[in-house]
Structure formats: C-alpha cells, structure tokens
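Engineer: no sequence on hand, only this structure:
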C-alpha cells in the first residue's frame, strides 16, 4: 500500500525527529507532503539561513510555519484530540513528553557523538531511564501514558522505543509493560500500515547511518 | 493559603521563570528547599518520578519537568496565547529558549573554565533569532499581544547571560529593551529586589 503525502515538513532524509509526528498523522488519517532536503542542498546554506533557528524540521499548516519538533507534536495533538481531555491531563502529557525528549537527547548524543565508545555503557544504563515509563504505564488502566486516550507523548515514546530496540536489542526484555505497549501501538492498523510502507521503511533512523 | 508548592534546591536554576510568572500573577508559592546533603541521601531522589527536581504541586497534581510546569501555569493564568495558533508559536519559542538553556547548563556544569570564552563569542548566533522575532512584534512580546510563559523563560535566561557574558545584549537593542521592560513590571521588579530571591545562586555549582 502506498503512503499518501500532502502537507509539508521539510526534513533531511531520515526519520530522526519526525517519526512520532508521522505516526500521529497516519493514525489520524492526515495527509502529509514531504519535502526532502539532501545534505548537499543543506550545506549550501540558503535553506538553513531561511530557517528561524537554522534547523530542520520545518512544518507548515496553512500559513502557520513551525520549527521545533515538539511544538509540532503539541500542535497536532491539539488539533487531533491527542492532548488529553482536560488541563490536568494536558500537563501530565507535557511532563511525559518532556521526559521522552530528555531520553531522546541522550540517544541523539550517543548516536552522533559517542557511538563507538559509548554504546555499551548506554545500553547498560538504559534500564534506569526506561523504568519510569514502565512504572507509569503499569499503573495505567488504558495502557496509554495519560488518561484513556493516546496522546502525542505516546507516539513520541513509541517512536523512541523503536529506536532503542534497534540500538540495544534486549532493551525491553525486563520491561513487560513497555514491550506490550510497543506491540499494541505497532498493531494499530494505520500505524502498522505506516511501518510497513516503503517510503517510511527506507528512511534511515539517523543522519549519520548509525543506529 | 498557597495552592502551589515547589520543591527544589536552593538555587534559581530552572525555576526562575516559574517564580516570575507566579509573582506577576499575584500567586503565592510555598517553597521546600532541599539541600544537597539531603538529596545525596537518596530517599527524595528515589521518590521523584524521573529522579530529579524540581517538583511542583498544584493541589493533587504533581508535576516534574520545569517546562511542563511553565505550560501548566501558562494555561491557568492566561499566558499561553489567545488561540491554538498562538499556543503553537509559543511552544516553538519556548523550545528554542530551552535549547539555549541546555547549552548554558552544559557550559556552567561541564565546561566553564575551558569553554566560557568561546560560548560568549558564539552567543550572538543564538540570540539573533529572538532579536529578530521581537523586533517584528507589535506588542513587544514573543507571540501575540500578551506576555506568555515563553517570555518569562526567555527573560530569565537573558538575565543569566547578562551575568555570564556581560556585553551579550549590547548588539541586540530589542532584546535589551525587552529585558528592561519585563524587569520593570511592578511585580517582577519586586521579586527581583526581594531578599529571598536575590540570595539564591543562579546555579548549583556556584558558577555564573
């Protein structure tokens, strides 16, 4: 089945910081137009100079132009009912997403700065960072991080856990709730379709080929 | 009665913006200071969801993650824009402030002696986008026509940078007047002059 593409984030040729966004869009049957930017084009500097903070991804929703991947997740969460059912849930979702971001920053640092020297220690330390998520999810009636619906924080955590399954293959072995969480989200029909879609599968996780 | 409780180390750290937003909205804050000695015992750390402070309580709601606290208070006190579009732009600006705060924190705690000069030299590249956004702003705030949690956050971070790299705002007239304007808001001014606030070091290792 071919993925459908419509509205525009510009992004370098990788899943990177846009996996969760794409999953949330797919899950909500939203079209996405993707402008892929090659490294060669990026190095010319014009596009970089046009980006508010000199970085991609860039996301457009009509006239609204957004940078910062978590701002994009919050935007889409607001639009597609994935930001909790009240302010209290919204704040808890914010907290969980920020915790996912903390781990994503560690992951990114390993991948781009310390892969060869740091990977073993990273995988050894990883359980300490997964434990809070296992703990929260094991208390959850719905199986989602907050409340009774999937939120942008769930797509973000799911995406990051997929990355870690590749990096540290046994990482979820001691976390049964996280394991079934990943399986459950991956089985959602539109997520499943996205994960099996050629256009999505062919993208490397990271820009330097390491995973 | 203070509905809000903050548990944190005796530093300004990641809680300056939060305190400014509360002060600006006439909100009380009960502060539980945790000494390093107490923290090192491990019990409190073990009780924190992600093993970190600050911890914020609003009635039964317990929050960790300083930016989640800013968003929570922004929602409650009309500092999150007037519509979803503004909210998304505020999110973007706050995330950019957070990016710079992470660089700042890394310098302070990991590279102060060796990295300070290069940091201050590179700083204009990171301030430029904020200067650019603010110079286009009719209201003088980052987004829309009201102050948002992203403004308190940027203001707090700019104060830190004025201490670290004293001439940092010299080539940024809009940022300079932005800082002056927010510092002059009566309740912010009162907080900045308040002994309890002034006596807190910016960072936990004494560097600034």
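Structural biologist: Looks like it arrived, so ask away. On a predicted model such as this, the values are computed, not experimentally measured, just so you know.

Engineer: ranges for the helices of chain A?
Structural biologist: For chain A, the helices defined by DSSP state H cover A:19-27, A:39-44, A:46-50, A:69-79, A:87-113, A:115-138, A:152-167, A:176-186, A:189-196, A:198-201.

Engineer: in CSV: those helices, plus distance to chain B, mean pLDDT and mean neighbour count.
Structural biologist: Bear in mind the C-beta positions are built from the backbone N, C-alpha and C, glycine included. Shown next, in CSV, are those (distance: least, C-beta to the nearest C-beta, whole Å; pLDDT from 0 to 100; neighbours: other C-beta atoms under 10 Å in any protein chain shown):
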stretch, distance to chain B, mean pLDDT, mean neighbour count
helix A:19-27, 13, 96, 24
helix A:39-44, 17, 88, 11
helix A:46-50, 11, 92, 11
helix A:69-79, 4, 97, 24
helix A:87-113, 4, 97, 20
helix A:115-138, 5, 97, 15
helix A:152-167, 10, 97, 23
helix A:176-186, 15, 98, 17
helix A:189-196, 23, 96, 15
helix A:198-201, 25, 89, 12
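
Engineer: compare those helices and give me the one nearest residue B:198.
Structural biologist: helix A:87-113 (28.8 Å; C-beta to C-beta).

Engineer: contact partners for the closest residue to residue A:188 other than its chain neighbours?
Structural biologist: With C-beta to C-beta, 6 or more residues apart in numbering or on different chains as the criterion, residue A:188 has its nearest non-adjacent residue at 6.2 Å, and that residue is residue A:27. Neighbour list for residue A:27: A:150, A:155, A:188, A:190-191 [criterion: C-beta atoms under 8 Å, 6 or more residues apart in numbering or on different chains].

Engineer: switch the cut-off to 10 Å
Structural biologist: Contacts of residue A:27 were listed using C-beta atoms under 10 Å, 6 or more residues apart in numbering or on different chains, and they are A:80, A:82, A:150, A:154-155, A:185, A:188-191, A:193-194.

Engineer: please report how far it lies from residue B:45.
Structural biologist: As judged by C-beta to C-beta, to the nearest Å, residue A:27 and residue B:45 stand 36 Å apart.

Engineer: try residue A:46
Structural biologist: Plainly put, residue A:46 is 48 Å away from residue B:45 if you go by C-beta to C-beta.

Engineer: ok, now residue A:178?
Structural biologist: Using C-beta to C-beta, residue A:178 is found at 22 Å from residue B:45.

Engineer: for residue A:177, same thing?
Structural biologist: Note on residue A:177: its distance to residue B:45, by C-beta to C-beta, is 23 Å.

Engineer: equivalent analysis for residue A:203, please.
Structural biologist: Counting by C-beta to C-beta - residue A:203 and residue B:45 are separated by 39 Å.

Engineer: cool, and residue A:35?
Structural biologist: 45 Å.

Engineer: also residue A:205?
Structural biologist: With distances taken as C-beta to C-beta, residue A:205 is found 32 Å from residue B:45.

Engineer: one more: residue A:145?
Structural biologist: Distance of residue A:145 to residue B:45, computed by C-beta to C-beta: 22 Å.

Engineer: run through the residues that contact the closest residue to residue A:175 other than its chain neighbours.
Structural biologist: Distances taken as C-beta to C-beta, 6+ apart place residue A:134 nearest to residue A:175, at 4.5 Å, with adjacent residues excluded. By C-beta under 10 Å, 6+ apart, the contact list for residue A:134 reads A:127, A:172, A:174-179, A:181.

Engineer: run the chain-centre distance for stretch A:67-76.
Structural biologist: Stretch A:67-76 sits 11 Å away from the centroid of its parent chain (C-alpha atoms, centre = their mean, to the nearest Å).

Engineer: I meant stretch A:35-48, not that one.
Structural biologist: Chain-centre distance of stretch A:35-48: 22 Å, with C-alpha atoms, centre = their mean.

Engineer: mind checking the end-to-end distance for that stretch?
Structural biologist: Using C-alpha to C-alpha, to the nearest Å, one end of stretch A:35-48 lies 14 Å from the other.

Engineer: against the centre of chain A, work out the most remote residue.
Structural biologist: Distance from the centre of chain A peaks at residue A:44, with 27.6 Å (C-alpha atoms, centre = their mean).

Engineer: residues contacting that one?
Structural biologist: For residue A:44, the contacting residues are residue A:38, by C-beta under 10 Å, 6+ apart.

Engineer: tell me both backbone torsions, phi and psi, for the closest residue to residue A:30 other than its chain neighbours.
Structural biologist: In this structure, residue A:30 finds its nearest non-sequential neighbour in residue A:80, 7.3 Å apart by C-beta to C-beta, 6+ apart. The phi and psi torsions at residue A:80 (degrees, to the nearest 10) take the values phi -120, psi 30.
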